[in-house]
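Asker: Okay, sequence plus prediction incoming.
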Amino acid sequence: MVSRYIYGRMVRLICAMDLVILAPLVVPVINQHYLVALAGLGAPQGVADGFAVSNLSLMLAQLVGLLGCGWALWRWRNSTQEMGRFTGALRLAIALVLLTSYLNTALPVLQLFALLEGLVALVHFVPLRRHIVVID
């Protein structure tokens, strides 16, 4: 059984991880280089050759980064049990989207992010089954 203090620390660690991963997507000048660098993680397997980023994908990446960072900051300040369940469900949906994208593109970084999202979703669900309230 996880104490309220440890669960609150885990939620804050997850929020910090979200900010580190998503913050580069918010800045338009940086997000193109960041996306190309993420795609380059599949280069040893020869997958990311010729990876191109369109203006539409840059704009969508910037919106995702902005919404993700905003959600992480809000979750850091206002964590509740209900929001923990909702966040866990959203993260499971994100993991499925990432796995689907991995099957279409074969970029290993998507598989890594899908695994990470699934594990983080479990962190949000497991303590809530034991009726642990998130610290404020």
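Answerer: Alright, I've got the coordinates. Numbering: from 1, shown residues only.

Asker: Quick check: Y102 touching Q111?
Answerer: Yes. Using Cβ atoms under 8 Å, Y102 is in contact with Q111, at 4.8 Å. Quick note: C-beta positions are derived from backbone N, CA and C, even for glycine.

Asker: So which helix or strand of this structure has the lowest pLDDT on average?
Answerer: Ranked by mean pLDDT, DSSP states H and E, the helix or strand of the chain with the weakest confidence is helix 28-40, at a mean of 79.

Asker: Please point out which parts of whatever helix or strand L92 lives in sit buried.
Answerer: Using DSSP states H and E, L92 maps to helix 81-105. Under the neighbour-count criterion of 16 or more other Cβ atoms under 10 Å, helix 81-105 has M83, G84, T87, G88, R91, L92, I94, A95, L98, L99, Y102 buried.

Asker: With stretch 103-119 instead?
Answerer: By 16+ other Cβ under 10 Å, the buried positions in stretch 103-119 come out as L107, P108, V109, L110, Q111, F113, A114, L116, E117, G118.

Asker: Repeat that for stretch 16-23.
Answerer: Buried residues in stretch 16-23, defined by neighbour count with 16+ other Cβ under 10 Å: D18, L19, I21, L22, A23.

Asker: So which elements touch the very next helix or strand once past the least confident helix or strand of the chain?
Answerer: Counting by DSSP H and E, the element after helix 28-40 in chain order, helix or strand, is helix 55-77. Packed against helix 55-77 by the contact rule (3 or more Cβ pairs under 8 Å, 6 or more residues apart in numbering; DSSP states H and E) you find helix 4-26, helix 28-40.

Asker: ok so, going back, tell me which two in the buried residues of helix 81-105 are the farthest apart.
Answerer: Farthest-apart pair in the buried residues of helix 81-105 is M83 and Y102; separation 27.9 Å (Cβ to Cβ).

Asker: possible to save the buried residues of stretch 103-119 as TSV with pLDDT and secondary structure?
Answerer: Below are the buried residues of stretch 103-119 laid out as TSV (pLDDT from 0 to 100; DSSP: H, G, I helix; E, B strand; the rest coil):
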residue	pLDDT	secondary structure
L107	76	coil
P108	79	helix
V109	80	helix
L110	83	helix
Q111	87	helix
F113	87	helix
A114	92	helix
L116	91	helix
E117	92	helix
G118	93	helix
